[in-house]
Structure formats: C-alpha cells, structure tokens
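Participant: Need the 3D shape of this:
(one chain, ligands or ions: 1)
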Amino acid sequence: MPAPKNPFKADLANGEMLYGCWAGFGDPYATEVLATAGFDWLVIDGEHAPNDLRSISAQLAVLSGKHSHPVVRLPMGEDWAIKQVLDAGAQTLLIPMVESADQARALVRAMRYPPEGIRGSGAALARASHFSTIPDYIATANAQMCLLVQVETVDGIAALDEILEVEGVDGVFIGPSDLAADMGHLGDSSAPPVARIIKDALSRIAASDKAAGILALDHATAQKYAGCGAQFLAVGIDVVMLAQTARATMAKWRDDG
Ligand SMILES: O=C(O)C(=O)C[C@H](O)[C@@H](O)CO
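Facilitator: The predicted structure is shown next:
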C-alpha cells in the first residue's frame, strides 16, 4: 500500500484551474467550516496566522478526505519545520521568500527521503504513514510531495527563470503584498510597476512546466491574474471574510435599525 496520492499535485500537472482560500484562524473548527465552501485548496497559514505544529496537525486531520486540499505554509523554509509538517501528514507546502534556484533545490531535498533528499526517516510514529499502517510509505512518499515556492521580492523575480528550471518545484506563487513592499509600494500591489511585474511573472511561470499561483481579494483582480496565467488562484481569506461581513452587518443595523 503506497503513500496517499496527492490530488492537488496531479490536478496542477493536468493544468486544472484550482481556486483556493486562506485559512487564517489557526483553528480546526473554523477550517472545517471553511472546507464546506468547496474550495479546491486551503492554505493552513503558519506564516501570518497563529498556527503551530499542533494546530496545523489538527487542521490536516479535519481536512482528511474532504475536497479542499490542505496547503501548509511555513514561516520560512527550514528543514526541521518541513520534516515536522510532512510527518504530520502535509503533502503540499507553500514556502515564502524564495529568492534563488539554490534555495528552491534545498527545499526540494528537504521534502524528500534519501537518496533524493534529506527528510528524516521517522514515519513509524508519524500521522503521514497513518502510524505505520502504510507499509510502503517511505518508499513511495517522495512522488506525492508538492512544492509551491513563493517569489515575492525583487531578487526573487530576478531569479525567476533559474527557479523555473528547478526539478521538483511544482508551482510558483507570486506574493503580491510582499512584492509590492519590496518594490517600494508597501500596501499597494495595484501600483503600475508592481502590476506589470506580476503580469509578466505569471505569464512566464505559466509558459514553463510549473503552475502559476497568486492571491487576489477582489474579483476583478483575480480575473486579471487568471487571464495572465494563474492556475492555482486564491480568492479569499477567511479572517477577512468574517471581519468584513460582521462589520457590514452591524453597520447596517446601526444605520437602518
Ligand atoms: O505577499 C503576499 O501577498 C502573500 O504572500 C500573501 C499574504 O501573505 C497573505 O497573507 C495576504 O496578505
């Protein structure tokens, strides 16, 4: 019995359009609610949301068997952290601030068991192997690993062509907020210089053998990014959805009664 198939990795390779959403409450109950919406992928965000290994593991558990595929984002691409979340059962990682092909190659190796990589062998006690009930897990896990690297700085954009050549990278996600900040347009990813770079980057990624990904919170921008070649397209953040809906609801009753 092999490691579980990664449907998200397969759908990316088949050119499927995949719509995602950020899961930012750091809570399995909220992520389970979000999964009822039917998004193709959900980002369990360990970079900007209050997540730790326990909360990430709990969210992986509630998403097991559901349509929404869990994409775990780590704060940074550290080998030890990658080892922990893969053992917890993550198969798809989104790693921020990737700025070189060497960095991307190191991430590929960190996600794979030897001889292809350096992932520590601890599957015997890991949720990933269903606690040793998948006898062939370590022999078959590498093929199901899906690596999404975030290119979101001026240096990262400059290295994009080399990053696109790295075997084992499945997708490249352009981080509009951080890219705008690094370009001197903090808080404004719609600034013309930033928009031009994003458009060019998405089209170059889409023209490669990798999938292009990005996040947009308004429909028009998301459609524009899709038109530029974005294939895994995040179209919302759960925290923002709740905050905006709650405030609008109170404002309406305060105004209309
Ligand atoms: O740079 C970006 O934009 C991203 O990487 C996405 C953000 O981190 C996301 O949390 C929305 O702000």
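
Participant: all helices of this protein, in order?
Facilitator: For the chain, the helices defined by DSSP state H cover 7-13, 28-35, 53-63, 79-87, 101-110, 137-140, 154-158, 160-163, 176-182, 192-206, 219-228, 238-256.

Participant: and those as a markdown table, adding mean pLDDT?
Facilitator: Shown next, in a markdown table, are the helices of the chain (pLDDT from 0 to 100):
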| stretch | mean pLDDT |
| --- | --- |
| helix 7-13 | 98 |
| helix 28-35 | 98 |
| helix 53-63 | 98 |
| helix 79-87 | 98 |
| helix 101-110 | 98 |
| helix 137-140 | 97 |
| helix 154-158 | 98 |
| helix 160-163 | 98 |
| helix 176-182 | 98 |
| helix 192-206 | 98 |
| helix 219-228 | 98 |
| helix 238-256 | 96 |
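
Participant: between those, which one is nearest to the ligand?
Facilitator: When the helices of the chain are compared by CB to the nearest ligand atom, helix 176-182 sits nearest the ligand, at 3.1 Å. C-beta: built from backbone N, CA, C; applies to glycine.

Participant: Can you spell out which helices and strands pack onto the closest one?
Facilitator: helix 154-158, helix 192-206 (3 or more CB pairs under 8 Å, 6 or more residues apart in numbering; DSSP states H and E).

Participant: Check which strands are paired with the biggest strand by length in the chain and give the direction for each one.
Facilitator: As assigned by DSSP state E, the longest strand anywhere in the chain is strand 230-237. Paired strands of strand 230-237, with direction, are strand 18-23 (parallel), strand 211-215 (parallel) (DSSP bridges).

Participant: and the ones you listed, which is most packed in?
Facilitator: strand 211-215 (a mean of 27; mean count of other CB atoms under 10 Å).
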